[in-house]
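A.B. asks: Let's see this in three dimensions:
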Amino acid sequence: MKTPKQPDRRSAGRMSIEREVEYRVLGRREGELLGAGRTVDISSSGVIFTTTHPLLPGRRVELAIDWPAQLDNRCALKLVARGRVVRFEGDRAAIEILQHEFRTRAARPSMA
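C.D. replies: Predicted structure coming up:
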C-alpha cells in the first residue's frame, strides 16, 4: 500500500545551487573544526551541504559560500551564514540559518 506524499512544510522555497563552501564549527572546547564541501541547495532559512566530518544536530556552524553574483559586476562576493545543524545524514548536513551577511571576497591572482 502506498502512503500519500507528505506536503513540504518548509516556509522558504529551496534553490538547487552548487557552490564551494567552507565551514567552521563554533564553540568547540576540543579545538576548532574546519572543513569544506559543496552546497546542495539553499533557501532563505537554510542550507544543505556536503561535508567530510559528522556534524551533530544542535552544533553551531559558520559557513562561507562563494556567491555566483558580483557587486557592481566587479567585486566577488561570499555569503557568510551562521546557524545550527538540524540534520546530518550520510555526507550531508542541513543547517538552519540564524544570521547572514554578504562580504566582499579578495580577488584571486590572475595567471597572466
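
A.B. asks: in the sheet, who's paired with Gln99?
C.D. replies: Arg82 (DSSP bridges).

A.B. asks: Can you verify my assumption that it contacts Ala81?
C.D. replies: Yes. With contact defined as Cβ atoms under 8 Å, Gln99 counts as touching Ala81 (7.2 Å). Using the backbone N, CA and C atoms, a C-beta is placed for each residue, glycine as well.

A.B. asks: Compare the two and say which one has the larger neighbour count.
C.D. replies: Ala81 (23 against 9; other Cβ atoms under 10 Å).

A.B. asks: Please tell me the pLDDT value assigned to the closest residue to the more buried one other than its chain neighbours.
C.D. replies: If the residues on either side of it in the chain are set aside, Ala81 comes closest to His100, at 4.1 Å by Cβ to Cβ, 6 or more residues apart in numbering. Residue-level confidence at His100 comes out at 94, pLDDT.

A.B. asks: now His100: how far from Gly35?
C.D. replies: 19 Å (Cβ to Cβ, to the nearest Å).

A.B. asks: other SSEs contacting the helix or strand bottoming out on mean pLDDT in the chain?
C.D. replies: Counting by mean pLDDT, DSSP states H and E, the chain has its least confident helix or strand at strand 60-71, which shows a mean of 87. When contacts are defined as 3 or more Cβ pairs under 8 Å, 6 or more residues apart in numbering; DSSP states H and E, strand 60-71 sits against strand 20-25, strand 46-50, strand 75-89, strand 92-104.

A.B. asks: Single out the most deeply packed of those.
C.D. replies: Of all the helices and strands packed on strand 60-71, strand 46-50 carries the top mean neighbour count, a mean of 21, counting by mean count of other Cβ atoms under 10 Å.
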